[in-house]
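Asks: for reference, the sequence and a predicted model appear below.
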Amino acid sequence: MVRYRANVAALMVNPAGGLLICERANIAGAWQFPQGGVDPGESPEQALFREVREEIGLLPKHYEIIDRREGYRYLYPQGTRGKKLRKHGSHGQEQTYFLCRLKADAPQVNVDQKSREFRAYRWIPPQEFDLDWLPEFKRDVYREVMRDFFRLCL
């Protein structure tokens, strides 16, 4: 039986309509959205608030959730699936995506957090998101997310 780890991701949009993407600290050129696992006893919203704080330094008062969609799944690559199965007990992730609007008075994103998940960030027009920035196993999910939230065909 295939098991999926609960995960949340933030599609953070600034007042100018830019979409936040962050470059992974351990993989140069790999850009993604802030995201992370849902801890035991945590709701998806609580996990979102924690992950956004840990990864980019924003508190819930700095943004509002304007949409939420769930059920996006992917399997980890075959080469890392055993390691992830031992660590998280799962073969892949099932993600809940939150579309969040950054408030005008919010501080700047800060990727220099304790988690050290990211090395850099950028705000881009959603239509400029490039699936080639992702590992191949995540591309179908991101394509679906971008279509569902931004009506983009990537």
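Replies: Sure, I can see it. Everything numeric here is computed off the predicted structure, so don't read it as measured data.

Asks: residue ranges of the helices in the chain, please?
Replies: Using DSSP state H, the helices of the chain run over 44-56, 78-88, 136-150.

Asks: mind listing what's buried along the last one?
Replies: If I follow you right, that is helix 136-150. By 16 or more other C-beta atoms under 10 Å, the buried positions in helix 136-150 come out as 138, 141-146, 149-150. Bear in mind the C-beta positions are built from the backbone N, C-alpha and C, glycine included.

Asks: nearest to R69, of the helices of the chain?
Replies: helix 136-150 (5.9 Å; C-beta to C-beta).

Asks: so which elements touch that closest one?
Replies: Helices and strands touching helix 136-150, by 3 or more C-beta pairs under 8 Å, 6 or more residues apart in numbering; DSSP states H and E, are strand 4-13, strand 63-75, strand 92-102.

Asks: apply 7 Å and report the result again.
Replies: If contacts are counted by 3 or more C-beta pairs under 7 Å, 6 or more residues apart in numbering; DSSP states H and E, helix 136-150 sits against strand 63-75, strand 92-102.

Asks: could the ones you listed be laid out in JSON lines, adding mean pLDDT, distance to P125 and mean neighbour count?
Replies: Shown next, in JSON lines, are the helices and strands packed on helix 136-150 (pLDDT from 0 to 100; distance: least, C-beta to C-beta, whole Å; neighbours: other C-beta atoms under 10 Å):
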{"stretch": "strand 63-75", "mean pLDDT": "97", "distance to P125": "18", "mean neighbour count": "15"}
{"stretch": "strand 92-102", "mean pLDDT": "97", "distance to P125": "15", "mean neighbour count": "22"}
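
Asks: switch those over to TSV; also include distance to F118.
Replies: Shown next, in TSV, are the helices and strands packed on helix 136-150 (distance: least, C-beta to C-beta, whole Å):
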stretch	distance to F118
strand 63-75	17
strand 92-102	16
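
Asks: re earlier: state the pair within the buried residues of helix 136-150 that is farthest apart.
Replies: Taking C-beta to C-beta, the two most distant members of the buried residues of helix 136-150 are K138 and F150; they sit 16.8 Å apart.

Asks: flag the shaky bits of the protein, pLDDT-wise.
Replies: For the chain, applying pLDDT under 70 flags the ranges 154.

Asks: do that again at 50, thanks
Replies: Scanning the chain for pLDDT under 50 picks out no residues.

Asks: most remote residue from it's center?
Replies: M1 (25.6 Å; C-alpha atoms, centre = their mean).

Asks: and G89, what does it touch?
Replies: Contact partners of G89, counting by C-beta atoms under 7 Å, 6 or more residues apart in numbering, are R3.
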